[in-house]
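K.L.:
Just to be clear, the model below is a prediction. Sequence and coordinates:
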Amino acid sequence: MSALDQLRLIKNLNDPKLRTIAGYEEGGGYRALRKALTEMQPEQVLAELENSGLRGRGGAGFSMGKKASFLPKGAMDKYLCCNADESEPGTFKDRLLMQKNPHLLIEGIAIAAVAAGANRAFIYIRGEYELQAGILEAAVREAYERGYLGRGILDSDHDVELVVHRGAGAYICGEETALLDSLEGKRGNPRLKPPFPANQGLYQGPTLINNVETLCNVPSIIEHGAEWFKSVGTEKSSGTKLVSVSGNVRRPGNYEIPLGMRAGDIVYGLAGGPPEGRSVKCWFPGGSSAPVLLEEDLDLDYDFETMAEAGSMLGSGAIIVVDDSQEIVGLALRLAEFYRHESCGKCTPCREGTNWTVKMLERIDNGEATPADLDTMADVQTNIMGNCLCVLGDSMAMPIGSMIEKFRHEFERHIEEKRLEHGGLPLAAHGGRADVAVGSPAA
Amino acid sequence: MTPELPRGWDRSTEDQADPAVIPDTAEIEVPDELRAEIEEYMSRYPDHRSASIPALHAAQRVHGWCSPLAIRQVAAVMRVTPAYLSSVASFYDQLNEDPVGRNKVYVCTSVACHLVKAKAVFEAIAAAGHDLEDTEIREFECLGACDMAPMASVNGRYIGPLDAGDAPEIVAAIREGRTPLPGRGLEDEDYRLPWGGRA
Ligand SMILES: Cc1cc2nc3c(=O)[nH]c(=O)nc-3n(C[C@H](O)[C@H](O)[C@H](O)COP(=O)(O)O)c2cc1C
Ligand code: SF4
Ligand code: FES
């Protein structure tokens, strides 16, 4: 790709000027907000956002403009929540944006709030991001002083109050309705949908929820127009995407890419590929909740539709690369433990399913499993999917299911090795019956 | 292997006692500063209950943990029951209903860090710091800094990439109240990843 001229979100990102509002303004900051307030009607702003094709960068990839237009019109308390919970393993892009360019996010929030008619906005930031929360709080104070936030912003009749709200360590609070409960001061349990937050969200009022990166794209769309935004990316995945690349690569980090770039060019070209002498065993294209893909899938284009067609998802845009030195069973266990820990416990298939998946994977390592357990484990995943209130359960079921499917031989080999290691009989010796396969041959 | 039991499973329940009611600020002493801080949080939201997490965080900073007294103080100021606040505190990883220690060392052992041997880093820090006072050393889920993997958060400061050899220095710094591994924290001026990139 022709790199630099396509950078939109992270161009000049390390310029220390961006740390102050004066520096941000000097580079053209808050011009888009002024334009939205003085030259455009809220409906025009909404239309521009919708026409740009901007899709949510938090995981689900829903049209941002469309979602904003779902909020009822008319004068009433409406809310905007910026989702800065960023807890999907592998994802660290919002951290970068908030730390290095806090005013870009604040401007995006102000424009989106004006367009959707929201008068109160919140940034729900995960509690662990103390550095970034402090930076945002300082930036919000500056924006209030300059009249970009508060009552009648920039002498218009729009009020936008913005509060930075720190969470306290819970992955589930990134799920939008759990986020709302948490913001209301409760345990972060997801709500049943519908009603969708656009109709009934925070404090029962209409609420727009968007990811940090989604909102950071808003100012430039308003400034340069939908056509400009669409000039990069694919038809259904317009614009650029911040991709967090981690795991077994030589240059882990955040990269801004035009959507539709070949995945291999991201993993090898940008991130340097796996260490010397190693190859890619599998990779998560969209955070740890995305089904794994294989080395040959690196030929695919990295965009929402291609990743979905390949049976996975672009998710939060976090690519985790696993090289051939890694054991798939250990990885699956680590993954399942995460979801077990983070399940809010409200639905049985998720609460129990995550727990039993961990137990079954531990059985493998303890030499107590047989290949039949793999079918049971795959079954558990199928029974979680679609049967829960939110998709946290599915978020474990999908990657674990994909690992069992794609690495079944390795699971089987691991089961056999561990059983022998623990003094069990080889399966063939007793016809593969699980009850006699376990235990020491001397017993 | 012992299965992980839910916290508090072995505590007796007082089924004879009346449920704790909202304590009155006339009956319970709340440090002035804490009270002012909580009230300021309450004023930020249309519904003052939204302040529960920031308020519990503030009380935890004062008391070192969400002790029964800390919870009663927050309850009195926020006009909610202690049980309500306990339900909140028990949900979130960063709020502690046990006196685990004021210093917080969170070592990420989540997926991306796992791939670059985070477990060994955690074990080394846990071993080196086993006798550290007032310090919680625990494994943590993805801290959103997988570019720094394997990494840890020490009292909110992100450091990495780490290896087991860094453990003694991290522990010594905590013991002596110093900043561990200066120059290797995300917030440090000119912080660079080992390959030269910026995080
Ligand atoms: C378990 C779970 C965790 C999630 N975590 C996050 C998160 O940390 N950040 C985020 O922006 N979206 C997260 N989401 C997606 C949100 O529910 C929601 O779709 C998103 O914030 C909408 O914003 P967007 O349309 O701009 O992407 C999560 C979803 C689920 C089910
Ligand atoms: S799927 Fe899991 S995390 Fe989501 S609501 Fe149900 S129990 Fe909670
Ligand atoms: S997995 Fe360790 S910081 Fe993300």
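P.N.:
Structure's in. What do you need? Ligands and ions are numbered 1, 2, ... in the order given.
K.L.:
Tell me which residues touch A:I135, please.
P.N.:
A:19, A:98-99, A:102 (C-beta atoms under 8 Å, 6 or more residues apart in numbering or on different chains). (C-beta placed from N, C-alpha, C; glycine too.)
K.L.:
Report the lowest-confidence entry in those residues.
P.N.:
Here the lowest pLDDT out of the contacts of A:I135 sits on A:R19, with 91.
K.L.:
how about it, what does it touch?
P.N.:
A:I135.
K.L.:
Repeat that for A:R151.
P.N.:
Per C-beta under 8 Å, 6+ apart, neighbours of A:R151: A:D159.
K.L.:
Look up how far A:C82 lies from it.
P.N.:
Taking C-beta to C-beta, to the nearest Å as the criterion, A:R151 is separated from A:C82 by 20 Å.
K.L.:
and what of B:D98?
P.N.:
Distance from B:D98 to A:C82, by C-beta to C-beta: 33 Å.
K.L.:
The two: which has the busier surroundings?
P.N.:
Legend: neighbour count by other C-beta atoms under 10 Å in any protein chain shown for B:D98 and A:C82, higher for A:C82 (32 against 11).
K.L.:
Which residue, other than its chain neighbours, is closest to that one?
P.N.:
Nearest residue to A:C82, sequence neighbours excluded (C-beta to C-beta, 6 or more residues apart in numbering or on different chains): A:I123, at 4.5 Å.
K.L.:
per-residue confidence at A:L425?
P.N.:
Looking at A:L425, the pLDDT reads 78.
K.L.:
ugh, typo on my part, it should be A:P441
P.N.:
40.
K.L.:
host element of the closest residue to A:T354 other than its chain neighbours?
P.N.:
Distances taken as C-beta to C-beta, 6+ apart put A:R340 closest to A:T354, at 4.0 Å, once the chain neighbours are dropped. A:R340 belongs to helix A:328-342 when elements are defined using DSSP states H and E.
K.L.:
likewise B:K119?
P.N.:
helix B:118-128.
K.L.:
residue ranges with poor pLDDT in the stretch 1-150 of chain A?
P.N.:
Counting by pLDDT under 70, the ranges of the stretch 1-150 of chain A that qualify are A:1-5.
K.L.:
can you list the residues of it near ligand 3?
P.N.:
Applying C-beta under 6 Å from any ligand atom, we find that the stretch 1-150 of chain A lies next to ligand 3 at A:P89.
K.L.:
Where do the strands of the stretch 1-150 of chain A begin and end?
P.N.:
Applying DSSP state E, counting those that start in this stretch to the stretch 1-150 of chain A gives strands spanning A:79-84, A:120-125.
K.L.:
touching chain A at all, the helix or strand hosting B:V74?
P.N.:
B:V74 belongs to helix B:68-78 when elements are defined using DSSP H and E. No: using C-beta under 8 Å from any C-beta of the partner chain, helix B:68-78 stays clear of chain A, coming no nearer than 8.6 Å.
K.L.:
Now that helix - C-alpha only, CSV.
P.N.:
Output in CSV follows, covering the C-alpha atoms of helix B:68-78 (Å, rounded to 0.1, in the frame of the first residue of the first chain):
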residue,chain,number,x,y,z
PRO,B,68,-17.0,-3.6,55.9
LEU,B,69,-16.3,-0.2,57.4
ALA,B,70,-15.3,1.3,54.0
ILE,B,71,-18.5,-0.1,52.5
ARG,B,72,-20.6,1.3,55.4
GLN,B,73,-19.1,4.7,54.9
VAL,B,74,-19.8,4.7,51.2
ALA,B,75,-23.3,3.4,51.9
ALA,B,76,-24.0,6.3,54.3
VAL,B,77,-22.9,9.0,51.9
MET,B,78,-24.6,7.5,48.8
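K.L.:
quick one: buried residues of that helix?
P.N.:
Buried residues in helix B:68-78, counted by 16 or more other C-beta atoms under 10 Å in any protein chain shown: B:70-78.
K.L.:
Then stretch B:109-119?
P.N.:
Under 16+ other C-beta under 10 Å, the buried positions of stretch B:109-119 are B:109-116, B:118-119.
K.L.:
Stretch A:340-355 now?
P.N.:
A:340-344, A:346-347, A:349-355.
K.L.:
and the two most separated of these?
P.N.:
A:H341 and A:P349 (16.8 Å; C-beta to C-beta).
K.L.:
The buried residues of stretch B:109-119 into a markdown table, with extra columns for pLDDT?
P.N.:
Listed next are the buried residues of stretch B:109-119 as a markdown table, based on pLDDT from 0 to 100:
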| residue | pLDDT |
| --- | --- |
| B:T109 | 98 |
| B:S110 | 97 |
| B:V111 | 97 |
| B:A112 | 98 |
| B:C113 | 98 |
| B:H114 | 98 |
| B:L115 | 98 |
| B:V116 | 98 |
| B:A118 | 98 |
| B:K119 | 97 |
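K.L.:
mind putting the residues you listed in CSV, distance to ligand 2 and secondary structure included?
P.N.:
CSV is the format used below for these (distance: C-beta to the nearest ligand atom, whole Å; DSSP: H, G, I helix; E, B strand; the rest coil):
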residue, distance to ligand 2, secondary structure
B:T109, 21, coil
B:S110, 17, coil
B:V111, 18, helix
B:A112, 21, helix
B:C113, 23, helix
B:H114, 22, helix
B:L115, 25, coil
B:V116, 28, coil
B:A118, 24, helix
B:K119, 25, helix
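K.L.:
Most widely separated two among those?
P.N.:
B:A112 and B:K119 (13.0 Å).
K.L.:
number of nearby residues for A:Y339?
P.N.:
Neighbours of A:Y339 (other C-beta under 10 Å): 28.
K.L.:
before we move on, what about B:R175?
P.N.:
15.
K.L.:
tell me the contacts of it?
P.N.:
B:L132.
K.L.:
mind checking the SS state of it?
P.N.:
helix (DSSP: H, G, I helix; E, B strand; the rest coil).
K.L.:
how about low-confidence regions in chain B?
P.N.:
Scanning chain B residue by residue, the ranges that satisfy pLDDT under 70 are B:1-4, B:6-8, B:12-14.
K.L.:
Looks like A:C82 contacts A:F122 (just checking).
P.N.:
Yes: between A:C82 and A:F122 there is a contact under C-beta atoms under 8 Å: 6.9 Å.
K.L.:
who in chain B is up against ligand 3?
P.N.:
B:108, B:110-113, B:142-143, B:145-146, B:149, B:151.
K.L.:
Now with 5 Å, please.
P.N.:
B:108, B:110, B:112-113, B:142-143, B:145-146 (C-beta under 5 Å from any ligand atom).
K.L.:
quick check, nearest of the residues you listed to B:S43?
P.N.:
B:L143 (30.8 Å).
K.L.:
State the distance from that closest one to A:S312.
P.N.:
24 Å.
K.L.:
which of those two has more neighbours?
P.N.:
B:L143 (27 against 23).
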